[in-house]
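Asker: Quick one, what's the 3D model for this:
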Amino acid sequence: MAIDAEQVRRIAHLARIGLAADEADRYIGDLESILTMVERMHAVNTAGVQPLAHPIDVTQRLRPDVVTEADQRESYQSDAPAVANGFYLVPRVVE
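Answerer: Modelled structure (predicted):
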């Protein structure tokens, strides 16, 4: 696909990228190679191929979901200016 400098400037404008007047010519080759690669990818027959979330079939190792610290709520709330029923009381912000 052939791209000219005016199209590069339009793409830069749509992407809100500042582009000097002489820079458009430098990006023509890069954009053409990207579009050529996309065209080649579209040409590949992917019928019947299931989409993948990740190319490698692995599962993430997770730690056991167990409590590892002692309950220190009373200790923390003893320094709070106002507490009720185990919750911190704060001044109302929204009227």
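
Asker: need the strands for this protein, in chain order.
Answerer: Under the criterion DSSP state E, the chain carries strands at the ranges 83-84, 87-88.

Asker: Next, work out how far apart the most centrally placed residue in the chain and residue 86 are.
Answerer: The residue at the geometric middle of the chain, judged as the C-alpha nearest the mean C-alpha position with Cα atoms, centre = their mean, is residue 53 (14.7 Å). For residue 53, the distance to residue 86 (Cβ to Cβ, to the nearest Å) stands at 40 Å. All C-beta spots, glycine's among them, are computed from the backbone N, C-alpha and C.

Asker: Serialize the strands of the chain to a markdown table and add fields for mean pLDDT, distance to residue 19 and mean neighbour count.
Answerer: Converted to a markdown table, those look like this (pLDDT from 0 to 100; distance: least, Cβ to Cβ, whole Å; neighbours: other Cβ atoms under 10 Å):
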| stretch | mean pLDDT | distance to residue 19 | mean neighbour count |
| --- | --- | --- | --- |
| strand 83-84 | 94 | 58 | 12 |
| strand 87-88 | 94 | 52 | 10 |
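
Asker: would you turn these into TSV with distance to residue 31?
Answerer: TSV is the format used below for the strands of the chain (distance: least, Cβ to Cβ, whole Å):
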stretch	distance to residue 31
strand 83-84	61
strand 87-88	55
